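Chemist: coordinates only, sequence not included:
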């Protein structure tokens, strides 16, 4: 599904940090960042912290998965929007609501809990790998590309 105005969909458990702000904002020319995360959307302190990390000329919006599914269907005409999520499960839940992104970038999924490393510094649990595989089967091209200047690595065969 090609959603007008989306220039990057990225899984990164750090959400907004130096690589997103310096590399990806410049590369995409984005003027909007949409964070989709139920926890962040419900946390006023975290939202204010993230807002301070974004340049003044870039708008930041946080959404629950439920509200994001509705908003994404409208597209972003006239904008260039980066979509950030912490977990593959967020994109999987959106897929269940009819939102399947053409391209998904994995930038940061650190080791934690049941996650194990499967490519460089990218880790996933077996459940997350299954979700990623289902996203690929639904039509998403998923690749690892830490910064814009890196070449991308298709991960579909690693899942």
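Modeler: Happy to help now that I have it. Model, not experiment: these values are computed from the prediction.
Chemist: which residues sit against stretch 149-158?
Modeler: The set of residues external to stretch 149-158 that reach it, using Cβ atoms under 8 Å, 6 or more residues apart in numbering, is 23, 27, 105-106, 118-119, 122, 132-133, 136, 141-145. (Each C-beta comes from the backbone N, C-alpha and C, glycine too.)
Chemist: can you pick the most crowded of those residues?
Modeler: For these, the largest number of neighbours (other Cβ atoms under 10 Å) sits with residue 132, at 26 neighbours.
Chemist: after the worst-scoring helix or strand of the chain on mean pLDDT comes which helix or strand?
Modeler: Lowest on mean pLDDT, DSSP states H and E among the helices and strands of the chain sits helix 18, with a mean of 85. For helix 18, the following helix or strand on the C-terminal side (DSSP states H and E) is helix 25-28.
Chemist: How far off centre is the next helix-or-strand element following that next one?
Modeler: Proceeding N to C from helix 25-28, the next assigned helix or strand is strand 32-36, under DSSP H and E. Relative to the centre of its chain, strand 32-36 is centred 9 Å away, using Cα atoms, centre = their mean, to the nearest Å.
Chemist: No further questions, thank you.
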